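Undergrad: I would like to see how this sequence folds:
(one chain, ligands or ions: 2)
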Amino acid sequence: MMQLTIPPKRIVRVLKILVLGEGGVGKTSLIKTFVFEQPSMSLDQTLGAEFFVKTLDLGDEQLKLQLWDLAGQDHFKNMQVYDRFCQGAHGALLCFDLSDVETLFRLEQWIEYLNDETKVVVVGTKSDLVDVADNDEFIEEYIRDLRKRYPFIQTFHKTSIFSLHSVTKVFLELIDLCL
Ligand SMILES: Nc1nc2c(ncn2[C@@H]2O[C@H](COP(=O)(O)OP(=O)(O)OP(=O)(O)O)[C@@H](O)[C@H]2O)c(=O)[nH]1
Ligand SMILES: [Mg+2]
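TA: Numbering: from 1, shown residues only. Ligands and ions are numbered 1, 2, ... in the order given. Model (predicted):
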């Protein structure tokens with residue numbers, strides 16, 4: 001009997017992607033929604049760091065994504081290991097909660113971990129919780145100013161884990177910038 005051998009797809013590239021932002025902004029939920037391709041609420045605080053892998057098909061080749069989910073609570077940040085965790089990252093999603101402006105003001109603390117070669121997309125999470133008009137102009141202006149000071153910040157998008165489209169978009173856009 002003839003046997004068919006299907007050659008394994010070749011891994012073309014490995015991308016290290018960080019997902020950063022204050023505790024509770026929705027980093028783990030965002031990653032899980034992207035990885036599992038369905039709205040995925042995270043119910044627990046991340047302890048230290050978690051790590052997810054997703055492969056994407058690029059024709060007959062594969063892209064392997066290493067998604068680094070760093071806990072946002074202050075006591076983890078104070079352990080001073082994040083500098084090392086962030087080394088060598090190709091891209092980062094810098095997340096804040098649209099319904100909690102304090103988390104926007106803390107973005108700069110996370111930017112400190114990055115170098116100018118890392119591609120960055122800013123993500124305003126939980127868009128389902130806010131009215132479009134709430135703080136909108138203020139937030140846009142604040143991010144415009146951040147981008148002037150940190151030109152490696154590329155774009156800003158709003159997400160909700162209940163809209164798979166917006167979640168996939170931020171990851172794919174970042175990946176595109178990194179390739
Ligand atoms: N309404 C709404 N809630 C969300 C959304 N994303 C996350 N949440 C909720 O926000 C809370 C915190 O989400 P996590 O994903 O655990 O937040 P985190 O940033 O990983 O927090 P740490 O692990 O502590 O750093 C959970 O109750 C989520 O269900 C969203 O898009 N909309
Ligand atoms: Mg988490």
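Undergrad: Stretch 93-110: end-to-end distance?
TA: Taking CA to CA, to the nearest Å, the first and last residues of stretch 93-110 lie 10 Å apart.
Undergrad: what's across from the residue positioned nearest the centre of the chain in the sheet?
TA: Residue closest to the average C-alpha location in the chain (CA atoms, centre = their mean): residue 93, at 3.1 Å. Beta-bridge pairing of residue 93 under DSSP bridges involves residue 19, residue 121.
Undergrad: That one touches residue 25, doesn't it?
TA: No - counting by CB atoms under 8 Å, residue 25 is not a contact partner of residue 93; they are 10.5 Å apart. Every C-beta, even on glycine, is put in place using the N, C-alpha and C of the backbone.
Undergrad: Quick check: next helix or strand after the lowest-mean-pLDDT helix or strand in the chain?
TA: Least confident helix or strand, the chain: helix 74-77 with a mean of 78, by mean pLDDT, DSSP states H and E. Using DSSP states H and E, the helix or strand that follows helix 74-77 towards the C-terminus is helix 82-86.
Undergrad: Run through who's touching that following helix.
TA: For helix 82-86, the external contacting residues (CB atoms under 8 Å, 6 or more residues apart in numbering) are 18, 20, 49, 68, 70, 92, 113-114, 118.
Undergrad: please redo it, this time with the cut-off set to 7 Å
TA: Residues outside helix 82-86 that contact it (CB atoms under 7 Å, 6 or more residues apart in numbering): 18, 49, 68, 70, 113-114.
Undergrad: quick one: which of the residues you listed is most hemmed in?
TA: Counting neighbours by other CB atoms under 10 Å, residue 18 leads the contacts of helix 82-86 with 27 neighbours.
Undergrad: Which residue lies closest in space to it, excluding its sequence neighbours?
TA: Distance criterion CB to CB, 6 or more residues apart in numbering; nearest residue to residue 18, sequence neighbours excluded, is residue 92 at 4.1 Å.
Undergrad: Please apply the same query to residue 72.
TA: That would be residue 23: by CB to CB, 6+ apart, it lies 3.6 Å from residue 72.
Undergrad: Next, count neighbours for the one you found.
TA: Residue neighbour count, defined by other CB under 10 Å, stands at 16 for residue 23.
Undergrad: next one: the one 5 residues further on
TA: Neighbourhood size, residue 28 [other CB under 10 Å]: 22.
Undergrad: Same check on residue 87?
TA: Neighbours of residue 87 using other CB under 10 Å come to 11.
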